[in-house]
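Asker: give me a 3D structure for the following:
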Amino acid sequence: MFKSVWVLGYFRGIRLEIHVSWLIIFALVMVSMTTGLQQQYPHWTTADAVVTALVTVLIFFASILAHELGHSLVAIRRGVPVTAITLFIFGGMAQMSRDPEQANDEFWIAVAGPAVSFALAALFGVLAGVTGGWYEPIPVAFSWLSMINLVVAIFNLIPGFPLDGGRVLRALVWKITGSNQRGNETAIASGRFLAYGLFGLALWNMLVMGNLVGGLWILLIAWFLLTMNHAQSRMYQLRDRMAGVQALDLADPDVPIVPASRPIEEWLREQVLPSGRRAFLVGDVTKVLGLVSLSDTRRIPQEKWSWIPVSDIMTPADKLHHVTPEAKADEILQLMNEYNLNQVPVMAEGRACGWIDRQRLLRMIELHLEVKH
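Answerer: The predicted structure follows:
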């Protein structure tokens, strides 16, 4: 099966990955830079231009990764978990499982990325000067890297969400007014203003200046910014409207239970298949021993399912994530996203009183949003 994301590896628990769309921008920058180098330095061989472009572009994308790591490491230090960093056609994105809870945290996380880019711009600028008398492609590459990192830093500080500058603006308004909501509204509004401004600039380039390719790129960037802006706005609206909704309001009171001694095959045949549920608590509602899911069965050869009990493949109770009946809806979403959970039991005084799976949670949230619309 074709995968849209390739995992490069992990750094301090952060998954580093490349989206397939990254190949498009990689190819475009490679071709553009190779052509530019051949025109600017006609005495270079084709190999000189191609190799210089290849190495420079790879270092550039490593710089984008460093920019996102700047955000991520500061976020982790301030208690905001980061699950992954993805490189894609428009740059990079650090995937945080939740938003910062304080304006100061939001500010320092936001400025960390541009700070890394400014530092890289300075570093590559120094290297360009130091290597000035060396093999010409080396200082040329360093000069380009210095310039492009400076552009990345300055562009990202434009005060329009979802750019880093929009998050800085959000943090400042939040800090001054004491209102997270006011900060969100200001950042969203500034982001829309920026996106519409870029739409106008794109049309000016295409219709007036005759720069079709440049105008199309600006148009794509504006569309991306507006799309991300709208998605963030929807998330803030969701949190606002779900305020006051608790776990017990969302939970299914019919908690799926399987006795610890029941063989895997019998559990699958008599409970999983008839109910369509993929996970069950093990034990009973008054004494939960653990949780078993369909994916747990992969650890045991199928020929052993008829006699091995579900308790042998369950996740023990002391390793389970659960919520109280009073837990807020956004806290449940945060928990499920942070730990990549598909289901969460609702527990009160050691007793299972409800069951929330991801599908039910999203369905119930949608219903609550429609009622409150």
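Asker: what about Trp44, which SS state?
Answerer: The three-state label for Trp44, taken from DSSP: H, G, I helix; E, B strand; the rest coil, comes out as coil.
Asker: thinking it is in contact with Thr34, fair?
Answerer: No. Using Cβ atoms under 8 Å, Trp44 is not in contact with Thr34; the gap is 10.2 Å. Just so you know, the C-beta spots here come from the backbone N, C-alpha and C atoms, and that holds for glycine as well.
Asker: which residue ranges of the stretch 201-350 of the chain form helices?
Answerer: 212-241, 247-250, 264-267, 273-275, 329-338 (DSSP state H, counting those that start in this stretch).
Asker: same question, the stretch 51-200 of the chain
Answerer: For the stretch 51-200 of the chain, the helices defined by DSSP H, counting those that start in this stretch occupy 103-130, 137-156, 164-177, 180-203.
Asker: and the ones you listed, which is most packed in?
Answerer: Highest mean neighbour count of those: helix 164-177, a mean of 22 (counted as mean count of other Cβ atoms under 10 Å).
Asker: quick one: which of the helices of the stretch 201-350 of the chain is nearest Ile25?
Answerer: helix 212-241 (9.9 Å; Cβ to Cβ).
Asker: the closest one: which residues count as buried?
Answerer: 215, 218-219, 221-222, 224-226, 228-229, 232-233, 236, 238-239, 241 (16 or more other Cβ atoms under 10 Å).
Asker: might one say that Ile327 is in contact with Val245?
Answerer: That one is not Ile; residue 327 is Ala. No. The pair Ala327 / Val245 is not scored as a contact, 10.1 Å apart, by Cβ under 8 Å.
Asker: give me the pLDDT for the most centrally placed residue in the chain.
Answerer: Closest to where the C-alpha atoms of the chain average out (Cα atoms, centre = their mean) is Gln95, at 2.3 Å. For Gln95, the pLDDT comes out at 83.
Asker: run through the bridge partners of it.
Answerer: Note on Gln95: beta-bridge partners Ala84, judged by DSSP bridges.
Asker: need the contact list for it.
Answerer: With contact set as Cβ atoms under 8 Å, 6 or more residues apart in numbering, Gln95 has these partners: Val82, Thr83, Ala84, Ile85, Thr86.
Asker: of those, closest to Gly113?
Answerer: Ile85 (10.9 Å).
Asker: give me the domain ranges for the chain.
Answerer: Domain ranges of the chain: 5-157, 247-372, per automatic domain parsing.
Asker: including distance to Arg167, could those go into CSV?
Answerer: CSV is the format used below for the domains of the chain (distance: least, Cβ to Cβ, whole Å):
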stretch, distance to Arg167
domain 5-157, 4
domain 247-372, 18
